[in-house]
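> The following block contains a protein sequence and its predicted model.
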Amino acid sequence: MSTSEVNEDVAVGAGTPLVELEGVGKRYGNIIALRDIDLEVSASEITCVLGDNGAGKSTLIKIVAGLHRHDEGVFRVEGERVSFGSPREALERGIATVYQDLAVVPLMPVWRNFFLGSEKRTGVGPFKRLDTSFMRSTAKRELLDMGIDLRDVDQPIGTLSGGERQCVAIARAVYFGAKVLILDEPTAALGVKQAGVVLRYIAQARERGLGVIFISHNPHHAYPVGDRFLLLKRGRTLGYHTKGDITLAELTAEMAGGAELEELAHELESAGVEGAPELREDARDLGLSD
């Protein structure tokens, strides 16, 4: 499938959100993992889902990616109500997920990993064989189209940096027809330079017309590329903003939790812990306390 075909598919139904959640909830027995979550993902937009560990980010993406079914609320894809029973069902509707622990075979070449599980073959009957020439040239072209200029697509993917492997996974999802791209903390284990590289390619995916769900716990990574920001805390919505409605400082402050940070600073200061005054000062700088 060519990149041009992917872009035409994304354009279908323009104006209707690619993915829409209304009042979605999820329970595991007596444990409420998500409650009353609203989310909208449109073409050519990046929606950032932010929160600390245990906020509900993983549960949310598992519902959208088809790993788990939601128990409450409405889940729509291009205006149609859905409840996926498997990741394959989500993929068939154009929802692709790139997880933090990438499913790659380190010793295999880049082009083999690009087509892993979807290998192209040539010939007929017992003479069928892998079309290595097509896969090599296609992988090279698609990576170049995303601005990824690798020395050699025959090099083992394990020799690439973490950021480069993330970028290969993004290019692969685009090539195979993704309309919605879910990125599970793609910058979490990367240094500053590599994180910047990945953020650039995330922005490129948006420019190609995809809707992107960017999962992160770092507002400094999310804000430069994000269009919408959903903040989660303990399975509930802490805030839902468009970029024009909130600054990076305000987003950081809301995510950090002003009252909790101020209370912690007070307790540490009362106990005579070194550094407590600095923590209180940081809270003031972020606008978390008076």
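Yes, it's here.
> Identify the residue nearest Ala171 in space, chain neighbours excluded?
Met146 (4.5 Å; CB to CB, 6 or more residues apart in numbering). For every residue, glycine as well, the C-beta is placed using N, CA and C.
> Now do the contacts for the one you found.
167, 170-171, 174, 201, 204 (CB atoms under 8 Å, 6 or more residues apart in numbering).
> Let's have the residues you listed in JSON lines, adding pLDDT, secondary structure and neighbour count.
Formatted as JSON lines, the contacts of Met146 follow (pLDDT from 0 to 100; DSSP: H, G, I helix; E, B strand; the rest coil; neighbours: other CB atoms under 10 Å):
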{"residue": "Cys167", "pLDDT": "87", "secondary structure": "helix", "neighbour count": "26"}
{"residue": "Ile170", "pLDDT": "89", "secondary structure": "helix", "neighbour count": "26"}
{"residue": "Ala171", "pLDDT": "90", "secondary structure": "helix", "neighbour count": "24"}
{"residue": "Val174", "pLDDT": "89", "secondary structure": "helix", "neighbour count": "26"}
{"residue": "Tyr201", "pLDDT": "88", "secondary structure": "helix", "neighbour count": "22"}
{"residue": "Gln204", "pLDDT": "89", "secondary structure": "helix", "neighbour count": "18"}
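> For the stretch 101-250 of the chain, which segments count as strands?
Taking DSSP state E, counting those that start in this stretch to define them, one finds strands in the stretch 101-250 of the chain at 121-122, 129-130, 180-184, 211-216, 228-233, 236-242.
> Kindly reformat these as a markdown table containing mean neighbour count, mean pLDDT and distance to Ile157.
Formatted as a markdown table, the strands of the stretch 101-250 of the chain follow (neighbours: other CB atoms under 10 Å; pLDDT from 0 to 100; distance: least, CB to CB, whole Å):
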| stretch | mean neighbour count | mean pLDDT | distance to Ile157 |
| --- | --- | --- | --- |
| strand 121-122 | 12 | 91 | 21 |
| strand 129-130 | 12 | 90 | 17 |
| strand 180-184 | 25 | 94 | 18 |
| strand 211-216 | 26 | 95 | 23 |
| strand 228-233 | 22 | 94 | 32 |
| strand 236-242 | 15 | 93 | 37 |
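> Model confidence score at Val197, please.
Val197 is assigned a predicted lDDT (pLDDT) of 85.
> isn't it right up against Leu160?
No - the criterion here is CB atoms under 8 Å, and Val197 misses it with Leu160 at 11.2 Å.
> Next up, phi/psi of Gly56, please.
The phi and psi values for Gly56, taken as degrees, to the nearest 10, are phi 110, psi 10.
> One more: Arg88?
The phi and psi values for Arg88, taken as degrees, to the nearest 10, are phi -60, psi -40.
> Could you double-check that Gln155 lies in contact with Leu107?
No - between Gln155 and Leu107 there is no contact under CB under 8 Å: 10.7 Å.
> which two in the contacts of Met146 are spaced the farthest apart?
Maximum pairwise distance in those, criterion CB to CB, is 10.7 Å, between Cys167 and Val174.
> how about the residue nearest to the spatial centre of the chain, what does it touch?
The residue lying closest to the centre of the chain (CA atoms, centre = their mean) is Leu183, at 2.0 Å. By CB under 8 Å, 6+ apart, Leu183 lies in contact with 98, 166, 170, 202, 212-215.
> what's the burial count for the spatially closest residue to Glu207 that is not a sequence neighbour?
Leaving aside its sequence neighbours, Glu207 sits nearest to Ser44 (CB to CB, 6+ apart; 7.4 Å). For Ser44, the neighbour count with other CB atoms under 10 Å is 17.
> Show me this protein divided up by domain.
3-247, 257-290 (automatic domain parsing).
> Buried deepest among those, which one?
Of all the domains of the chain, domain 3-247 has the most neighbours on average by mean count of other CB atoms under 10 Å, namely a mean of 18.
> what bits of the stretch 151-290 of the chain have low per-residue confidence?
257-290 (pLDDT under 70).
> related to what we said a few turns ago, assess the claim that the residue nearest to Glu207 and Ala205 are in contact.
No - judged on CB under 8 Å, Ser44 makes no contact with Ala205 at a distance of 9.6 Å.
> can you give me the helices for the stretch 51-200 of the chain?
57-65, 87-92, 110-114, 132-145, 162-175, 192-207 (DSSP state H, counting those that start in this stretch).
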